[in-house]
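# got a predicted structure plus its sequence, pasted below:
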Amino acid sequence: MTPPAPSSIPATRSTAGRGDDGVSAPVVPAPVSNRRRAVLLVVTAALVLVVAVVSIMVGAYVIPVGDVLKVLAAKTGLTDSTNSLNTSVVWDMRLTRVLLAGAVGAALACSGAAYQGTFRNPLVEPFILGVSAGAACGAGLAVMVDVPLSMQVMAFIFGMLAVWLTYTLSRVRGERPTVTLILAGVVVGSFFSAVFSLFQYAGTDEQLRRLVFWVMGGFYRATWNDVVIVVPATVIGCLLLWRFGWRLNVLSLGDDEARSLGVDPEPLRRWVIVLATALTALAVSVSGIIAWVGLLVPHAARMMVGPDHRFVIPLSATLGAVFVMACDVLARTIHTGEVPISIITSILGAPYLVYLLRTRATHLGASS
């Protein structure tokens, strides 16, 4: 059967409310026009640039926007010279972490949107299959043992390894039920977390300090070597996930409906999980574990453009970049020393989760 065109695929189901007979009745959410979606994407993309420039300006040493532009112009060959101090601060210190923060935010948010669509659960986040625990274990091994690989490479390898183990263990009688996949992720994540705790217990004071700061997240280690790898890989990964957008819309109808429309759920889930996991592992390997981004940002995107993944995924990427760059500014300016960024994202994310749970409880109560 030939799959229908993407525009003819319904985005998802939505049920809420109560009929006259006391039985919950399906309702259709107010549609969001494609024009409004396009405007939101353009606005948030412009916001990424604005927040990036502000992030470069702000810090212990404030640099006016004109001087920032002069440094960028000099480095791109448009002008000949500029202030050496401004050049050092803008180009060598701030621009690298701003670009890396934007890429990590986009990667985590985009992966979160893809995971939520794959599992048809809005409370799923990118770390659910154990990638964060695996990455932490890999980074811990690099700190504790003299291995010929960097902490970033070890974190990426072990993050991918953890999800591979989860995917392998979840196979039951030739199938991978969603519940089994999630439970396998809990088991694998718990194992790698235990190993990481063992590293913390056995490490020296210096090793423990490195492990704690890494696991709490931050961009103080950002270098141009990280940027030239992570930024292009993030762009490619987000574009590939975006290409799966309409298929995720079909998958949201259920496996049987997806098959009837010409989409095989199992290969689709496998490819989306591989891509989203690679993006997440790449992000975690250079930034440490940054909480809430993959859960909070896709919800915000879905509230703005509706449940259509063709728009949720790119909007999640732009909003994620804005959110993490803004949190990075707070992390390095609210205190004389740098605050781990996961503390900032958790402070902002926890109240949102409370709001989300109360909203879901209201809907569940209405249908019970």
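All right, it came through fine. Numbers count the residues shown, from 1 in each chain.
# give me the low-pLDDT residue ranges for the chain?
1-31, 81, 148, 356, 360-368 (pLDDT under 70).
# how about the most centrally placed residue in it: what's its closest non-neighbour residue?
By C-alpha atoms, centre = their mean, the chain has its centre lying nearest to L108, at 1.0 Å. For L108, ignoring the flanking residues on the chain, the nearest one in space by C-beta to C-beta, 6 or more residues apart in numbering is V293 at 4.2 Å. To be clear about C-beta, it is placed using only N, CA and C from the backbone, and glycine gets the same treatment.
# OK, contacts around the one you found?
G105, L108, A109, G112, G320, F323, V324, T345 (C-beta atoms under 8 Å, 6 or more residues apart in numbering).
# in JSON lines, list the residues you listed along with distance to D205.
Formatted as JSON lines, these follow (distance: C-beta to C-beta, whole Å):
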{"residue": "G105", "distance to D205": "32"}
{"residue": "L108", "distance to D205": "31"}
{"residue": "A109", "distance to D205": "35"}
{"residue": "G112", "distance to D205": "35"}
{"residue": "G320", "distance to D205": "35"}
{"residue": "F323", "distance to D205": "34"}
{"residue": "V324", "distance to D205": "30"}
{"residue": "T345", "distance to D205": "27"}
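# could you dump the residues you listed into CSV and include distance to S170 and secondary structure?
As requested, the contacts of V293 are exported to CSV (distance: C-beta to C-beta, whole Å; DSSP: H, G, I helix; E, B strand; the rest coil):
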residue, distance to S170, secondary structure
G105, 29, helix
L108, 23, helix
A109, 25, helix
G112, 20, helix
G320, 27, helix
F323, 31, helix
V324, 30, helix
T345, 29, helix
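# nearest to N121, of those?
Nearest to N121 among the contacts of V293 is G112, at 11.3 Å by C-beta to C-beta.
# how many neighbours does the closest one have?
G112 is flanked by 31 other residues according to other C-beta atoms under 10 Å.
# against Y220, how distant is the closest residue to it other than its chain neighbours?
Leaving aside its sequence neighbours, G112 sits nearest to G294 (C-beta to C-beta, 6+ apart; 2.9 Å). Using C-beta to C-beta, to the nearest Å, we find G294 at a distance of 22 Å from Y220.
# next: A103.
Taking C-beta to C-beta, one finds A103 at 16 Å from Y220.
# neighbour count: the two, which is higher?
Neighbour tally, A103 and Y220, criterion other C-beta under 10 Å: the higher count belongs to A103, 31 against 14.
# out of everything not next to it in sequence, what's closest to that one?
Nearest to A103 is T234, by C-beta to C-beta, 6+ apart, at 4.3 Å.
# which residues touch that neighbour?
Per C-beta under 8 Å, 6+ apart, neighbours of T234: A103, V104, A106, A107, L279, L282, A283.
# pick the one among these closest to G66.
Closest to G66, out of all of these and judged by C-beta to C-beta, is A103, at 26.3 Å.
# which ones are touching the closest one?
Residues near A103 by C-beta under 8 Å, 6+ apart: V227, V230, V231, T234, A283, A321.
# quick one, what contacts R97?
F219, Y220, A222, D328.
# now tabulate those residues in CSV and tack on secondary structure and distance to F127.
Converted to CSV, the contacts of R97 look like this (DSSP: H, G, I helix; E, B strand; the rest coil; distance: C-beta to C-beta, whole Å):
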residue, secondary structure, distance to F127
F219, coil, 19
Y220, coil, 22
A222, coil, 21
D328, helix, 19
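# as a markdown table, those with distance to P126 would be great.
As requested, those are arranged in a markdown table below (distance: C-beta to C-beta, whole Å):
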| residue | distance to P126 |
| --- | --- |
| F219 | 18 |
| Y220 | 22 |
| A222 | 21 |
| D328 | 19 |
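# any quick ChimeraX command for the buried ones out of the residues you listed?
Here is the ChimeraX command that selects the buried residues among those (16 or more other C-beta atoms under 10 Å):
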select :219,222,328
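# between the contacts of V293, which sits nearest F192?
Of the contacts of V293, the one sitting nearest to F192 (C-beta to C-beta) turns out to be L108, at 18.7 Å.
# any idea how far S190 is from the closest one?
Counting by C-beta to C-beta - L108 and S190 are separated by 22 Å.
# ditto for M57
M57 is 43 Å from S190, by C-beta to C-beta.
# who's more crowded, these two?
M57 (18 against 12).
# quick check: chain neighbours aside, which residue is closest to that one?
That would be I63: by C-beta to C-beta, 6+ apart, it lies 5.3 Å from M57.
# list the contacts of that neighbour.
Contacts of I63 by C-beta under 8 Å, 6+ apart are I56, M57, N86, V89, V90.
# which of these has the most neighbours?
Going by other C-beta under 10 Å, I56 tops the contacts of I63 with 26 neighbours.
# for the helix or strand where it lies, packing partners?
Here I56, judged by DSSP states H and E, is contained in helix 34-57. Helix 34-57 sits against helix 65-75, helix 95-119, helix 293-305, helix 309-333, with contacts defined as 3 or more C-beta pairs under 8 Å, 6 or more residues apart in numbering; DSSP states H and E.
# and the shortest one, what does it pack against?
Think helix 65-75. helix 34-57, helix 84-87.
# redo the contacts of T234 as JSON lines? Include distance to P307.
Shown next, in JSON lines, are the contacts of T234 (distance: C-beta to C-beta, whole Å):
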{"residue": "A103", "distance to P307": "26"}
{"residue": "V104", "distance to P307": "25"}
{"residue": "A106", "distance to P307": "20"}
{"residue": "A107", "distance to P307": "22"}
{"residue": "L279", "distance to P307": "21"}
{"residue": "L282", "distance to P307": "27"}
{"residue": "A283", "distance to P307": "24"}
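# could you identify the most distant pair in those residues?
A106 and L282 (11.2 Å).
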